[in-house]
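Colleague: Structure, please.
(2 chains)
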Amino acid sequence: MFWVALSTLIMSLTGEGDDTYAIRAFFERSRDAVEAQVKDAARKRAALDTLTRTERAFERHRERASKISACIERADRRYAAVAADYERCLRDVEPAWTVAGEELIVLDRDLERAVTPAEFEAVRRRAERH
Amino acid sequence: MVKTWRNPLALAVLALSACGNSPPPQLPTTSVRDRAACHVGVVPLVVNDAPRAERIRALYVQMDSLMLETKRAQAEQLLLLADKNATRTDDDKRARFAQFQAIEHRALERYIALQLELRRLTTPEEFARLAAVK
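Modeller: You can find the predicted model right below:
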């Protein structure tokens, strides 16, 4: 596991600080790693494309999670808010994670397919170095 | 993998105070913890009745502890997700994601109960003053 674990890890354990920067830096490092480690032009293109799609999927999920957060915050600020107001906010929790999970699983697989096992390991090592 | 990210995460968290503003998109459990933690210290300033203030403060502490425990439980699922021996198939990965979201959902359900209890313990004026904190 590479993308699924790492992306989710960033998403869940940060948020109180500038994790947007950390995420961007991670993807930049990953792209640099692909540029450096994958010599074949077609494989390189496929790997970079997968990275771009992963970053977008990641962003979409964060935005979706952010809407749930905003909904809860609105309820938190209303004295008159009742359980039903909060429950409405939670409706998208399961669908949001299901979609994100499926996307990241597919992208994880795509990246492994795009490059050789040796390249994949080299990219992973470089991407995780900081 | 957790170790790899420990330093930037620590730096990111230190970069803003606990009550920092304009945060990036957050997970629901992260944002509610952020708000609850900010309220713990201000309750006695808003609620004059000491025994009631203590009960309200205890609610915020419970919210904070609940979300912290949730993060720990979710991190365990993510470590399993990263473990090739524990996550061999796509179904294993789906199960980890499902578990992750179930933990998030359960924590938010409990949080809602605490929020409703907060309304029972505060007056509308006190509630509004607390809500204005963050």
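
Colleague: State the distance from the residue of chain A most remote from its centre to chain B.
Modeller: Largest separation from the mean C-alpha position in chain A: A:A80, at 35.7 Å (CA atoms, centre = their mean). Per CB to the nearest CB, to the nearest Å, A:A80 is found 8 Å from chain B. Glycine gets a C-beta too; all of them are placed from N, C-alpha and C.

Colleague: Look up phi and psi at B:V42.
Modeller: Main-chain dihedrals, B:V42, degrees, to the nearest 10: phi -100, psi -10.

Colleague: per-residue confidence for B:L118?
Modeller: For B:L118, the model assigns a pLDDT of 97.

Colleague: And the residue nearest to B:F97 when sequence neighbours are not counted, which helix or strand is it part of?
Modeller: In this structure, B:F97 finds its nearest non-sequential neighbour in A:G101, 3.3 Å apart by CB to CB, 6 or more residues apart in numbering or on different chains. With secondary structure defined by DSSP states H and E, A:G101 is part of helix A:93-114.

Colleague: what's the answer for B:K71, then?
Modeller: Counting by DSSP H and E, the element that carries B:K71 is helix B:50-82.

Colleague: Just the angle for that helix relative to helix A:93-114, thanks.
Modeller: If you take axes from the mean of the first three to the mean of the last three CA atoms, to 10 degrees, helix B:50-82 sits at 30 degrees to helix A:93-114.

Colleague: quick one: whichever helix or strand comes after helix B:50-82 to chain centroid distance?
Modeller: Using DSSP H and E, the helix or strand that follows helix B:50-82 towards the C-terminus is helix B:90-121. Between the centre of helix B:90-121 and the centre of its chain there are 10 Å (CA atoms, centre = their mean, to the nearest Å).

Colleague: Show me what helix B:90-121 is packed up against.
Modeller: Counting contacts by 3 or more CB pairs under 8 Å, 6 or more residues apart in numbering or on different chains; DSSP states H and E, helix B:90-121 packs against helix A:3-13, helix A:41-76, helix A:83-90, helix A:93-114, helix B:28-40, helix B:50-82.

Colleague: Same list (these) but as a markdown table, adding distance to B:I103, mean neighbour count and mean pLDDT.
Modeller: Below are the helices and strands packed on helix B:90-121 laid out as a markdown table (distance: least, CB to CB, whole Å; neighbours: other CB atoms under 10 Å in any protein chain shown; pLDDT from 0 to 100):
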| stretch | distance to B:I103 | mean neighbour count | mean pLDDT |
| --- | --- | --- | --- |
| helix A:3-13 | 10 | 23 | 59 |
| helix A:41-76 | 14 | 18 | 91 |
| helix A:83-90 | 13 | 15 | 96 |
| helix A:93-114 | 10 | 19 | 89 |
| helix B:28-40 | 9 | 23 | 88 |
| helix B:50-82 | 5 | 18 | 91 |
